[in-house]
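1. Generate coordinates for the sequence data below:
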Amino acid sequence: MPSCSIRWLNGSPQEPALIRAGLGHLWLVTLHPFDDGNGRVARAIGDLLLARADGSAQRFYSLSAQIQRERKDYYSLLEQTQRGTLDVTEWLHWLLGALGRALDEAQCQLDVVLVKTRFWQRWAEQPMNARQVKLLNRLLDGFDGKLTTRKWAKIAKCSSDTALRDINDLLACGALRRSGAGGRSTSYEVVVE
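-> Okay, here's the model as predicted:
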């Protein structure tokens with residue numbers, strides 16, 4: 001890696017911090033100084049510059065993870081930027097958008113964690129067996145579909161009678177409620193408040 005790039009990386013910023021992070025990432029990938037790992041190092045440099053911009057060693061979002069989720073667009077834009085006139089405007093626009101999406105994703109994950117934390121704080125004194133804890137966690141983590149007695153029994157690896165007892169205990173204390181139609185279509189949802 002040329003010494004002028006290292007001086008730029010460690011020098012006093014002349015450009016806004018987010019632009020600097022995007023340029024640092026792009027420059028390393030474009031220079032391609034290593035036989036392998038240039039993308040990982042570029043993402044690490046981008047993350048380093050973002051951490052410096054945040055003024056904190058802790059961050060609750062990951063631009064690298066967002067780039068991985070959007071890697072098709074990422075590679076397409078890198079190629080377009082490197083093979084064109086080296087106008088970095090579109091690259092920076094995309095990268096800043098990806099950063100925004102990474103922040104949105106972090107906010108969603110934080111919301112899920114807070115809901116789950118509040119739920120377990122509320123029910124900390126309620127005695128529950130391992131099956132109940134497991135299934136409530138599944139529901140809190142975003143269970144796909146409707147939770148029925150049959151699904152409870154299958155997931156918890158217990159009989160339908162045991163599943164129904166587990167469910168009825170949670171209905172009685174208010175941690176679960178019935179949702180939708182009754183009869184064979186009865187399903188249950190966790191109560192979050």
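2. And stretch 59-71, how far out from the chain middle?
-> When distances are taken as C-alpha atoms, centre = their mean, to the nearest Å, stretch 59-71 is centred 8 Å away from the chain's centroid.
3. Please, where are all the strands along the protein?
-> 176-179, 187-190 (DSSP state E).
4. what helices or strands is the last one leaning on?
-> In this case it means strand 187-190. Counting contacts by 3 or more C-beta pairs under 8 Å, 6 or more residues apart in numbering; DSSP states H and E, strand 187-190 packs against helix 130-140, helix 160-173, strand 176-179. Yep, even glycine has a C-beta here, placed from its N, CA and C like the rest.
5. now with 7 Å?
-> Contact here means 3 or more C-beta pairs under 7 Å, 6 or more residues apart in numbering; DSSP states H and E; on that basis strand 187-190 packs against helix 130-140, strand 176-179.
6. For the longest one, list every residue counted as buried.
-> Which is helix 130-140. 131-132, 134-136, 138-140 (16 or more other C-beta atoms under 10 Å).
7. ok, now which ones touch Gly46?
-> 21, 24-25, 63 (C-beta atoms under 7 Å, 6 or more residues apart in numbering).
8. now, which of those lie within helices?
-> For the contacts of Gly46, the ones inside helices are 21, 24-25, 63, with DSSP state H as the criterion.
9. By neighbours, which of those residues wins?
-> Neighbours here mean other C-beta atoms under 10 Å. Within these, the largest count is held by His25, at 28 neighbours.
10. do you know how far it is from Arg165?
-> Taking C-beta to C-beta, to the nearest Å as the measure, His25 falls 55 Å from Arg165.
11. Over to Leu31?
-> In this view, Leu31 and Arg165 are 64 Å apart by C-beta to C-beta.
12. Please apply the same query to Gln68.
-> As it turns out, when the distance is counted by C-beta to C-beta, Gln68 lies 44 Å from Arg165.
13. So those two - more neighbours on which side?
-> For Gln68 versus Arg165, neighbours defined as other C-beta under 10 Å are more numerous around Arg165 (15 against 12).
14. Can you give me the pLDDT of the more buried one?
-> Looking at Arg165, its pLDDT stands at 97.
15. can you check Arg40 too?
-> With respect to pLDDT, Arg40 has a value of 84.
16. ok, now Thr117?
-> In the predicted model, Thr117 carries a pLDDT score of 96.
17. which ones are touching Gly39?
-> With contacts defined as C-beta under 7 Å, 6+ apart, the neighbours of Gly39 are Val29.
18. Ile19 too?
-> Counting by C-beta under 7 Å, 6+ apart, Ile19 touches Leu92.
19. I'd like to know which of the strands of the chain lies nearest to Lys157.
-> Shortest separation from Lys157 across the strands of the chain is recorded for strand 187-190, at 18.0 Å, computed as C-beta to C-beta.
20. Brilliant, that's me finished.
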